[in-house]
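Q: The following comprises the amino acid sequence and a computationally predicted model.
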Amino acid sequence: MRRAFTLLELLVVISVIAVLVGILLPALAAARNRAKQTQCSANLRGIGQATANYAYDSGEYMPFPNSKSREIGASYYWKGGGWLYNWRRLEDSFGISDHNADFQASFVETGVLWYYLQDRKPYRCPLDAVEDVTGNVYKMTSYLMNATVRGSENVLPADFVAPFRITDFRSTDVDYWEGKSPSEGGTDWNDGNLEPIASNGRTERHLDGLSLSFFDGHVEFWSNAKFDEQISADVRNSLRCAPDALDGW
């Protein structure tokens with residue numbers, strides 16, 4: 001005759017299962033986050049490679065980095081498309097009258113990289129849940145182009161809009177990174193570029209680091225400490241890499 005489990009034995013089994021669940025759940029959550037981190041890096045790799053393809057199809061010139069001050073208000077404002085969107089098309093087709101308007105995720109389809117990507121997914125980190133914000137491009141992307149592409153403000157005149165050539169940069173120079181989301185205090189979402197200065201910083205959604213794309217199309221995942229050290233420096237480095245400024249910005 002088979003012996004039934006005693007209450008004590010059942011409690012022991014339940015306790016063991018509870019301990020195993022407590023051990024496994026954090027590991028599974030970490031694995032899911034790592035998988036999303038890998039997808040984020042793949043997204044940026046796609047954007048970086050699309051940027052390189054655009055440059056090589058355009059006489060080596062980088063895409064315009066969607067700079068608000070050089071799309072409107074300047075004497076010789078940029079009239080074509082930028083990497084993220086085309087301001088003229090947003091005005092003409094969607095009635096967008098200023099950069100405080102309600103940008104939509106679909107507007108990435110007006111940018112010059114859309115021709116190469118043909119998919120909205122690469123524009124957003126899978127860990128970046130879109131917040132209910134209006135008046136900026138955050139609905140369109142988790143990533144912003146390094147403002148060094150438009151040149152240093154203290155060197156170029158305000159009405160200069162032509163971007164540099166991709167060959168003006170080193171393979172170790174960064175062209176995109178994950179900016180702070182609005183909930184993290186990010187305020188530079190009124191256009192498509194981000195200045196490499198400490199106050200602009202980076203996202204913390206990955207906790208231990210962030211993804212960055214480089215001018216040769218490769219992607220790296222930097223620790224927060226490495227990123228913070230470079231963006232706080234006053235010398236030319238991978239983030240502060242404007243070809244027209246001795247200190248990189």
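A: Okay, I see it.

Q: List the contacts of residue 200.
A: Residue 200 is in contact with 179-180, 186, 188, 194, 231, counting by Cβ atoms under 8 Å, 6 or more residues apart in numbering. Where you see a C-beta, it was placed from the backbone N, CA and C, and this is true even at glycine.

Q: Residue 189 too?
A: So residue 189 contacts 133, 136-138, 144, 179, 182 (Cβ under 8 Å, 6+ apart).

Q: In strands only, show me those residues.
A: residue 144 (DSSP state E).

Q: Just the closest of the contacts of residue 189 to residue 223, please.
A: In terms of Cβ to Cβ, no member of the contacts of residue 189 lies closer to residue 223 than residue 179, at 17.3 Å.

Q: which residues does the residue nearest to that closest one when sequence neighbours are not counted contact?
A: The shortest distance from residue 179 to any non-neighbouring residue, by Cβ to Cβ, 6 or more residues apart in numbering, is to residue 144 (4.6 Å). Contacts for residue 144 were tallied using Cβ under 8 Å, 6+ apart; they are 176-177, 179, 188-189, 192-194.

Q: coming back round to it: biggest separation within the contacts of residue 189, which pair?
A: Spatially, the most separated pair among those is 133 and 144, at 14.8 Å (Cβ to Cβ).

Q: Checking residue 210 next. Helix, strand or coil?
A: Here residue 210 is recorded as strand under DSSP: H, G, I helix; E, B strand; the rest coil.

Q: One more: the one 10 residues further on?
A: Each residue gets one of three states, and residue 220 gets strand by three-state DSSP.

Q: nearest residue to it other than its sequence neighbours?
A: Setting aside the residues directly before and after it, residue 220 is nearest to residue 212 in space (Cβ to Cβ, 6+ apart), at 5.6 Å.

Q: re earlier: compare the contacts of residue 189 and tell me which has the most neighbours.
A: If you count neighbours using other Cβ atoms under 10 Å, the busiest of the contacts of residue 189 is residue 144, which has 26 neighbours.

Q: Next one: that residue from residue 244, what distance?
A: Distance of residue 144 to residue 244, given as Cβ to Cβ, to the nearest Å: 20 Å.
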